[in-house]
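Engineer: starting from these lines, generate the structure:
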Amino acid sequence: MARLNFIWELSRLNKRIISIGIDMLFVLVAFYGAYWTRIGSVRPISAADIQIVIVVTVVVTVLTFIKLGLYRAVLRYLSFHALAVVAIGTVVSALTVAVVAFYLQAPMPRSVPIIYGAFLCLLCGGARLIVRTLVAQSGLRRKSAVLIYGAGSAGRQLALALRQSESHKVVGFIDEDTTLKNTLLMGLPVHCISEASRLIGKYGVKQILLALPSATRARRKQIIDMLVPLPAEVLTVPDMRDIVEGKANIDELKDVDIDDLLGRDSVVPQTALLEANIRGKVVMVTGAGGSIGSELCRQIVQHGPSKLVLFELSEFGLYSIDRELTCLVAEQGLAVDIVPLLGSVQRINRLAVTFKSFNVQTVYHAAAYKHVPLVEYNVVEGVRNNVFGTYYAAKAAVKAGVESFVLISTDKAVRPTNVMGTTKRMAELALQALAEEEAITGHNTRFCMVRFGNVLGSSGSVIPLFKRQIASGGPVTVTHPDIIRYFMTIREAAQLVIQAGAMGKGGDVFVLDMGEPVRIVDLATNLIQLSGLDVKSQDNPHGDIEIAYTGLRPGEKLYEELLIGDNVERTAHERIMTANERYLPLSDYTVLMDKLDKACHDFDHQAIRQILLEAPTDFSPTDGIGDLVWNAGNNTEKANVVKLNSSGGI
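Structural biologist: Predicted structure coming up:
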């Protein structure tokens, strides 16, 4: 192989010279072979006329090959075109033999040119195929063996694309179609899933490529569940829609989408509901730069609002979503005016002026602090942003005559054990109180709130954390072996929020169908195994990645709920339910907010906690007051008291 490498590494000019020399040799071998085959002797070749025929044929053949570009072809990528050139060249060479022999009256049987042409075609074409095979074999030693799951159109396209790959070699297909078992596709065997483990061991397969871009998520989950235990990394090809639209290539391999592990197929959104509060209207999204807010903006801009107001506290977040949407509008020729505004929902005057100046008709209120431990550590800011920010935004909407106001809530608002969930329930109470007031004062703003669980890909999602931990060699940290969560893709969540908002009549609490809850430890295990690694445990001490349990964080629950009571009703949408939750009259809520405002102003955390406990939120804290500033202040006071006592002070 080392000798062959010396040849492969020669310059292109030297390789062409060697090819010409070999072809000249092939002409002589073919000529002698043709004579010997025809008359059983090569003696007539010594005749002067035949010697001239040979010389002319060699020259004409080489010139023909040069003219046809045979020596410019790269043998590594030899194609049918190169073989066609060889065939044409040999025909020209055989005709040269016949014509020159005829004019020179050389003693040559008429069948010799035909036999010669066949021999020359076999020699020139066959030699090039052999070289191509040797080059391919030398490259295969450096390539990773892969299996393709799916012998359909996508699988065959992928195998064809990977033939030119510098890093992968396909050793076979896996498919559950029994009619394909023990057959060959593109020269590759098709196996059933039961043989996958044997093939991985035999060929040292590092990756299994899932080529089922059109399969439903439920079907993909079934397949992934079968592939996860195998000691190989599982990758997928892009979605068929992206391939058809030119956004991706068939061989752009990527990690398995985490939503495929949920096995949850999205329901086709109802266009009428999507457009009811958006088409031709001025729409505003608070928290537009956040995970949910930015996805809402992407969905909204596709449904024809006249103007989309982006309201965001983070300058970078606003810049990012504004740039993305501006480019999207320009690329698709959408008639949407994008308005980027910096501002805080804690400034009621800023909100009121914004609503009135742009004649906002629909508001999606996504601005909130959602990270449970961080809100536990920053209680006052969490209360100010989540409770007062929502209350001020809702009051400003009423004052400006906004038609529809939709609050993005959370499952953590149900029987909360942490400050974040409690503040979101307080935000819901604000909208419910203002909705009840509508019947009394007759304001025109419809309020509703949409409650759902975790979304995949949000800023607080555990998935990116798990992937980083796996990439760095672990351990993967999970808070508790029994902790479960509801998950939904961020795209589906945004679509359902928009549709639910269109169904609101006033004070509605909508609950999204999140499907079955997922154990976080199962999610971590699947991610490890999909990376082709083993979980390290007491039963498997030689595994690759360990799962470490860190204990529940402040305010964290083992499981989340979506309903406070059992009084849930179905709606016109199969994934959206409505709940009848208890609430406070606006007068009582206003008194409660005044107390909470004073407690926050005084940084009186004990009073804040007591107010949250007395409110109808079902707040049941599992930890003490976790605010870092308050605790630091208390520790300083205690230290000062100790110093005074030790020095004889009072």
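Engineer: CA atoms for contacts and neighbours, from now on please.
Structural biologist: Fine.
Engineer: how is this structure divided into domains?
Structural biologist: As assigned by automatic domain parsing, the chain contains the domains 2-139, 144-256, 271-454+489-514+562-614.
Engineer: would you agree Val414 is in contact with Met420?
Structural biologist: No - Val414 is beyond contact range of Met420, at 11.1 Å (criterion: Cα atoms under 8 Å).
Engineer: who has more neighbours out of the two?
Structural biologist: Higher neighbour count among Val414 and Met420: Met420, with 29 against 21, using other Cα atoms under 10 Å.
Engineer: isn't that one up against Val375?
Structural biologist: Yes - Met420 is within contact range of Val375, at 5.8 Å (criterion: Cα under 8 Å).
Engineer: overlap in contacts of those two?
Structural biologist: Taking Cα atoms under 8 Å, 6 or more residues apart in numbering as the criterion, Met420 and Val375 both touch 369, 382.
Engineer: show me where the stretch 201-350 of the chain dips below the pLDDT cut-off.
Structural biologist: Judged by pLDDT under 70, the stretch 201-350 of the chain has its weakly predicted residues at 238-254, 257-267.
Engineer: which residues of it fall in strands?
Structural biologist: 207-210, 233-236, 254-255, 282-286, 307-312, 337-342 (DSSP state E, counting those that start in this stretch).
Engineer: list of residues touching the last one?
Structural biologist: Right, strand 337-342. Against strand 337-342 from outside (Cα under 8 Å, 6+ apart): 306-315, 318-319, 322, 325-326.
Engineer: distance to Lys143 and mean neighbour count added to the strands of the stretch 201-350 of the chain, as a markdown table?
Structural biologist: What follows is the strands of the stretch 201-350 of the chain, written out as a markdown table (distance: least, Cα to Cα, whole Å; neighbours: other Cα atoms under 10 Å):
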| stretch | distance to Lys143 | mean neighbour count |
| --- | --- | --- |
| strand 207-210 | 12 | 26 |
| strand 233-236 | 15 | 22 |
| strand 254-255 | 18 | 14 |
| strand 282-286 | 49 | 26 |
| strand 307-312 | 49 | 24 |
| strand 337-342 | 49 | 16 |
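Engineer: and those strands: which comes nearest Ala493?
Structural biologist: With Cα to Cα as the criterion, Ala493 lies closest to strand 282-286 of the strands of the stretch 201-350 of the chain, at 15.1 Å.
Engineer: given that closest one, what are its sheet partners and their directions?
Structural biologist: strand 307-312 (parallel), strand 362-365 (parallel) (DSSP bridges).
Engineer: and the next helix or strand past the last one?
Structural biologist: Going down the chain from strand 362-365, the next helix or strand is helix 372-377, by DSSP states H and E.
Engineer: so who does the residue nearest to Leu584 when sequence neighbours are not counted touch?
Structural biologist: Among residues not flanking Leu584 along the chain, Ala433 sits closest, at 5.9 Å (Cα to Cα, 6 or more residues apart in numbering). Applying Cα under 8 Å, 6+ apart to Ala433 gives the contacts 507, 583-586, 589.
Engineer: can you redo the domains of the chain as TSV with distance to Gly551?
Structural biologist: Converted to TSV, the domains of the chain look like this (distance: least, Cα to Cα, whole Å):
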stretch	distance to Gly551
domain 2-139	50
domain 144-256	27
domain 271-454+489-514+562-614	13
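Engineer: need the winner for burial among those domains.
Structural biologist: Comparing those by mean neighbour count (mean count of other Cα atoms under 10 Å), domain 271-454+489-514+562-614 comes out on top with a mean of 20.
Engineer: report the distance from it to the chain centre.
Structural biologist: Relative to its parent chain, domain 271-454+489-514+562-614 has a centroid offset of 27 Å by Cα atoms, centre = their mean, to the nearest Å.
Engineer: start to end distance for that domain?
Structural biologist: In domain 271-454+489-514+562-614, first residue to last residue: 43 Å (Cα to Cα, to the nearest Å).
Engineer: go on, stretch 448-466?
Structural biologist: End-to-end span of stretch 448-466 (Cα to Cα): 35 Å.
Engineer: just stretch 485-494 next, same as before
Structural biologist: For stretch 485-494, the end-to-end distance is 19 Å (Cα to Cα).
Engineer: same thing with stretch 436-451?
Structural biologist: Using Cα to Cα, the distance between the terminal residues of stretch 436-451 is 19 Å.
Engineer: what mean pLDDT does it have?
Structural biologist: In this model, stretch 436-451 has an average pLDDT of 79.
Engineer: also stretch 98-106?
Structural biologist: Across stretch 98-106, the average pLDDT comes to 80.
Engineer: tell me which residues are up against it.
Structural biologist: With Cα under 8 Å, 6+ apart, stretch 98-106 has contacts from 49-50, 53, 56, 107-108, 110, 113.
Engineer: and those, which two are furthest apart?
Structural biologist: Val56 and Arg110 (17.8 Å).
Engineer: nearest to Val190, of the strands paired with strand 282-286?
Structural biologist: For the strands paired with strand 282-286, the distance to Val190 is smallest for strand 362-365, at 51.4 Å, taking Cα to Cα.
Engineer: dump that closest one to CSV, restricted to CA.
Structural biologist: This file holds the C-alpha atoms of strand 362-365, laid out as CSV (Å, rounded to 0.1, in the frame of the first residue of the first chain):
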residue,chain,number,x,y,z
THR,A,362,-53.2,42.6,19.8
VAL,A,363,-50.7,42.1,22.6
TYR,A,364,-48.8,38.8,23.4
HIS,A,365,-47.2,39.3,26.8
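Engineer: what about the helices in the stretch 301-450 of the chain?
Structural biologist: Secondary structure of the stretch 301-450 of the chain (DSSP state H, counting those that start in this stretch): helices at 315-332, 348-357, 372-377, 379-383, 389-400, 419-441.
Engineer: between those, which one is nearest to Asp627?
Structural biologist: Set against Asp627 and scored by Cα to Cα, the helices of the stretch 301-450 of the chain come closest in helix 372-377, at 4.1 Å.
Engineer: CA atoms of stretch 621-640 as CSV?
Structural biologist: What follows is stretch 621-640, C-alpha atoms only, in CSV (Å, rounded to 0.1, in the frame of the first residue of the first chain):
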residue,chain,number,x,y,z
PRO,A,621,-42.9,27.0,49.6
THR,A,622,-40.5,24.2,50.1
ASP,A,623,-37.6,26.4,51.1
GLY,A,624,-36.9,29.5,53.1
ILE,A,625,-36.5,33.0,51.7
GLY,A,626,-33.7,32.6,49.1
ASP,A,627,-33.1,36.2,48.0
LEU,A,628,-29.3,36.7,47.9
VAL,A,629,-29.3,40.4,48.9
TRP,A,630,-31.7,39.9,51.8
ASN,A,631,-29.7,36.9,53.1
ALA,A,632,-26.4,38.8,52.8
GLY,A,633,-27.9,41.7,54.7
ASN,A,634,-29.1,39.4,57.5
ASN,A,635,-25.8,37.7,57.7
THR,A,636,-24.0,41.1,58.1
GLU,A,637,-26.4,42.1,60.9
LYS,A,638,-25.9,38.8,62.7
ALA,A,639,-22.1,39.3,62.4
ASN,A,640,-22.3,42.8,63.8
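Engineer: for it, what is the distance to the chain centroid?
Structural biologist: In terms of Cα atoms, centre = their mean, the centre of stretch 621-640 is found 42 Å from the chain centre.
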